[in-house]
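Colleague: Structure for the following, please:
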Amino acid sequence: MTAVHVVVPAGIDDPARPSGGNAYDRRVCRGLTALGWSVHEHAVPGCWPRPDAAAYAALAGVVEQIPEDAVVLLDGLIASTAPDVLVPQARRVRLVVLVHLPLGHRPADDDRAREGAVLTAAAAVVGTSAWTRRRLLELYPLQPGRVHVAEPGVDEADLAPGTDTAGALLCVAAVISRKGHDVLLDALATLTDLTWHCVCVGSLDRDPAFVADLRRRADDSGLTDRVSWPGPRTGPDLDHSYAAADLTVLASRDEPYGMVVTEALARGLPVVATDVGGVPEALGHGRDGTRPGLLVPPGDPAALAGALRAWLGDAALRGRLRAAAQERRASLAGWSTTSAALVRVLTEAAR
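Modeller: As a prediction, this is how the structure comes out:
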């Protein structure tokens, strides 16, 4: 069997709301097609993972029309919230759930119960990092042999040339609380004696109240002219943002992998990031064991400020991190590796 029905949230190609999960879904659909699979994509409307009754009904309508015994790859944003729809279907079709971030990782018992019911019923589960796989096995009574990893790939890119000041900072993340922009602003507010400018690329419409609070913080801290909020960027515009940067910063409170980390490394850019989830995996090491960046605890503005001050003030450190980033660049896997890993899982599920 070389056919798969892929169930994704509607709008995964919306340039106004880019995300790592959306990019992953799109790339693996293309990758599976390139490997000879017949990919039938089903986009389900709704505010996933917080759907209303209409969204559940739409999902039920989609799954019920999928032929019996077919292999179905479901985005976890949808699958993990819908046991009433999917658990009965697990007896009719072969469900494979792609988990970007376990909903049960957060302290909500209802989320954990719903996700656990779906994952237990699925033929296979795929996480996007080794951390995700470990966390799923901690949360749920899943058979280890049914839980797999397909790490995101990365495209080759030109080396970023860097600037004379090393102060061009770039944060690529939707502007929501989970991504820690408030922590980043608090850290930057202690660095006004140094030369830098930070560009925060990411959607501004997912949590307007949070964005408004950030703008007030920036004004109160005197950062209005030193922090830019251009909104989401994709394609060549995003490439240009990376090319103009010296350092990528990620202050997330949780992160299952951190595709922006490998996107930065593909350009030889070091990274300052929080030590959460799969970020250490994405960051990796240079050949001599040197990390191509600095890891700090989440939610700790002082630690983040310390790492940024070290980068801005220590030329020798910058040289070491840049060398490690260029070495790590050579070891990054492409999206064909991701697709091949998924093919192995789907083929096993089809048997």
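
Colleague: CA atoms for contacts and neighbours, from now on please.
Modeller: OK.

Colleague: Buried residues, the lowest-mean-pLDDT helix or strand in the chain. List them.
Modeller: Ranked by mean pLDDT, DSSP states H and E, the helix or strand of the chain with the weakest confidence is helix 109-121, at a mean of 90. Within helix 109-121, the residues scored as buried using 16 or more other CA atoms under 10 Å are 111, 112, 113, 114, 115, 116, 117, 118, 119, 120, 121.

Colleague: And for stretch 37-55?
Modeller: Within stretch 37-55, the residues that qualify as buried are 37, 39, 42, 44, 45, 46, 48, 49, 55, counting by 16+ other CA under 10 Å.

Colleague: Could you do stretch 149-160 as well?
Modeller: Counting neighbours by 16+ other CA under 10 Å, one finds that the buried residues in stretch 149-160 are 149, 150, 151, 152, 153, 154, 157, 159, 160.

Colleague: so who does residue 200 touch?
Modeller: Residues in contact with residue 200 (CA atoms under 8 Å, 6 or more residues apart in numbering) are 170, 171, 172, 173, 227, 228, 229, 230, 231.

Colleague: how far away is it from residue 182?
Modeller: When distance is defined by CA to CA, to the nearest Å, residue 200 is 12 Å away from residue 182.

Colleague: Span of stretch 325-342 from start to end?
Modeller: Using CA to CA, one end of stretch 325-342 lies 28 Å from the other.

Colleague: let's number from 652 now, not from 1
Modeller: Yes, from this point I'll number from 652; that puts the last item at stretch 976-993.

Colleague: Let me see the residues that make contact with it.
Modeller: With CA under 8 Å, 6+ apart as the test, stretch 976-993 has contacts from 678-679, 682-683, 686, 777, 800-807, 913, 916-921, 935-938, 942-944.

Colleague: Return the distance of the helix or strand hosting residue 998 from the chain's centre.
Modeller: In this structure, residue 998 sits in helix 986-1001 according to DSSP states H and E. From the chain centre to the centre of helix 986-1001 is a distance of 19 Å (CA atoms, centre = their mean, to the nearest Å).

Colleague: Check which residues of that helix are buried.
Modeller: The neighbour-count check on helix 986-1001 (16+ other CA under 10 Å) flags 986-994, 996-997, 1000-1001 as buried.

Colleague: and those residues as JSON lines, adding distance to residue 748 and pLDDT?
Modeller: Shown next, in JSON lines, are the buried residues of helix 986-1001 (distance: CA to CA, whole Å; pLDDT from 0 to 100):
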{"residue": "986", "distance to residue 748": "19", "pLDDT": "97"}
{"residue": "987", "distance to residue 748": "20", "pLDDT": "97"}
{"residue": "988", "distance to residue 748": "19", "pLDDT": "97"}
{"residue": "989", "distance to residue 748": "15", "pLDDT": "98"}
{"residue": "990", "distance to residue 748": "15", "pLDDT": "97"}
{"residue": "991", "distance to residue 748": "16", "pLDDT": "97"}
{"residue": "992", "distance to residue 748": "14", "pLDDT": "98"}
{"residue": "993", "distance to residue 748": "11", "pLDDT": "97"}
{"residue": "994", "distance to residue 748": "13", "pLDDT": "97"}
{"residue": "996", "distance to residue 748": "11", "pLDDT": "98"}
{"residue": "997", "distance to residue 748": "10", "pLDDT": "97"}
{"residue": "1000", "distance to residue 748": "11", "pLDDT": "95"}
{"residue": "1001", "distance to residue 748": "14", "pLDDT": "92"}
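
Colleague: what is the rounded mean pLDDT of stretch 822-831?
Modeller: Stretch 822-831 carries an average pLDDT of 97.

Colleague: Am I right that residue 720 falls within a helix?
Modeller: No. Counting by DSSP: H, G, I helix; E, B strand; the rest coil, residue 720 is not part of a helix but coil.

Colleague: For it, the count of nearby residues, please.
Modeller: A count of neighbours around residue 720, defined by other CA atoms under 10 Å, yields 14.

Colleague: what residues go with each domain of this protein?
Modeller: By the assignment in automatic domain parsing, the chain contains the domains 654-804+985-1001, 819-982.

Colleague: ends of the last one, how far apart?
Modeller: Looking back up the chat, that one is domain 819-982. 25 Å.

Colleague: from the chain's centre, how far out does that domain sit?
Modeller: On the basis of CA atoms, centre = their mean, domain 819-982 sits 14 Å off its chain's mean C-alpha point.

Colleague: now do stretch 709-725
Modeller: Distance, stretch centre to chain centre, for stretch 709-725: 26 Å (CA atoms, centre = their mean).
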